[in-house]
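[1] give me a model of this one.
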Amino acid sequence: MSFTLHKSEERGHQNHGWLIANHSFSFASYQNTKRMHFGVLRVLNDDFVEKGMGFGTHPHSNMEIITIPLSGELQHKDSMGNFGSIKKGEIQVMSAGSGVEHSEFNGSLEDPVTMLQIWIIPNKMEVEPRYDQISINQSPNELHQILSPNPDDAGSWIHQDAWFHLGNFNKTSVVNYDVKKNGNGIFVFVINGSVEIESQVLNKRDALAITNVENFEMKISENSEILIMDIPMILPKLN
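    Numbering: from 1, shown residues only. So this is what the prediction gives:
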């Protein structure tokens with residue numbers, strides 16, 4: 001097993017007033033040549049959006065975009081005709097493919113929105129854009145699959161051999177994880193609480209990038225929320 005610790009305070013930080021953004025990888029004006037991506041995981045943004053504010057209409061293409069709200073309620077509108085709100089306990093998946101425009105706003109005038117937005121480099125280019133929004137299993141003390149490459153599997157799906165698992169733990173737990181595909185890497189992100197992996201202790205918003213592994217054990221403290229991203233390490237050769 002090989003691993004690299006990503007401490008919360010080492011992330012790129014931008015305060016735009018209405019938006020406070022923390023970037024695990026280079027994004028916008030935050031550029032760090034040592035933190036460009038981890039395999040096909042290109043973006044992991046941890047955002048705070050002030051009440052009544054948001055991202056105006058903007059384009060995307062050829063990227064798999066996953067949004068996981070952590071608190072509040074986010075309004076979404078896109079050029080495919082989708083309009084609605086997403087909140088904690090749901091995830092939103094958008095395959096930008098050949099091109100889509102969307103906006104994201106905090107419609108509340110009372111409460112901020114916090115969310116993770118994740119970009120995965122796809123294994124297919126110029127696909128027909130698609131949108132999905134699902135409720136996720138939140139029963140405690142186990143990992144739940146929220147994303148995979150298979151439309152018939154648990155959770156939503158994307159155009160990439162990636163699997164995401166999310167878990168909320170209200171008691172101290174020991175969890176074993178088996179990597180889903182040979183050669184995939186693992187990015188463990190601690191939303192809340194703490195986790196110990198191979199004597200590495202991760203606290204709130206810390207992450208551990210793991211390669212050369214088939215399975216591993218996590219010691220998860222009580223009141224912890226964990227996101228595991230199981231992703232290809234080799235960037236696809238796309239035309």
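[2] endpoints of stretch 194-213, how far apart?
    Terminal residues of stretch 194-213 lie 21 Å apart, using CA to CA, to the nearest Å.
[3] now that stretch: buried residues?
    Under the neighbour-count criterion of 16 or more other CB atoms under 10 Å, stretch 194-213 has 194-195, 197, 202, 205-211, 213 buried. For glycine as for every other residue, the C-beta is placed from the backbone atoms N, C-alpha and C.
[4] give me the distance between V175 and I86.
    Here the criterion is CB to CB, to the nearest Å. By it, V175 lies 27 Å from I86.
[5] more crowded one of these two?
    Neighbours of V175 and I86, each counted by other CB atoms under 10 Å, are more numerous for I86; the result is 21 against 18.
[6] how about the more buried one, phi and psi?
    phi -130, psi 140 (degrees, to the nearest 10).
[7] contacts only, for the closest residue to D178 other than its chain neighbours.
    Using CB to CB, 6 or more residues apart in numbering and skipping residues adjacent in sequence, the residue nearest D178 is N215, 4.6 Å away. By CB atoms under 8 Å, 6 or more residues apart in numbering, the residues touching N215 are 176-179.
[8] filter those residues to the buried ones?
    Of these, these count as buried by 16+ other CB under 10 Å: 177, 179.
[9] I'd like to know which of the contacts of N215 are part of strands.
    Taking DSSP state E as the definition of strands, the contacts of N215 contribute 176-178.
[10] any low-confidence regions in the chain?
    When the per-residue scores of the chain are filtered using pLDDT under 70, the ranges that remain are 238-239.
[11] dig out what the residue positioned nearest the centre of it forms beta bridges with.
    By CA atoms, centre = their mean, the mean C-alpha position of the chain lies nearest to I118, the distance being 4.0 Å. Legend: beta-bridge partners of I118 under DSSP bridges are L44, I66.
[12] before we move on, what about V195?
    Bridge pairing for V195 (DSSP bridges) gives the partners L202, I220.
[13] ok, Q117 - contacts?
    So, once contact is read as CB under 8 Å, 6+ apart, Q117 ends up touching 43-45, 47, 65-68.
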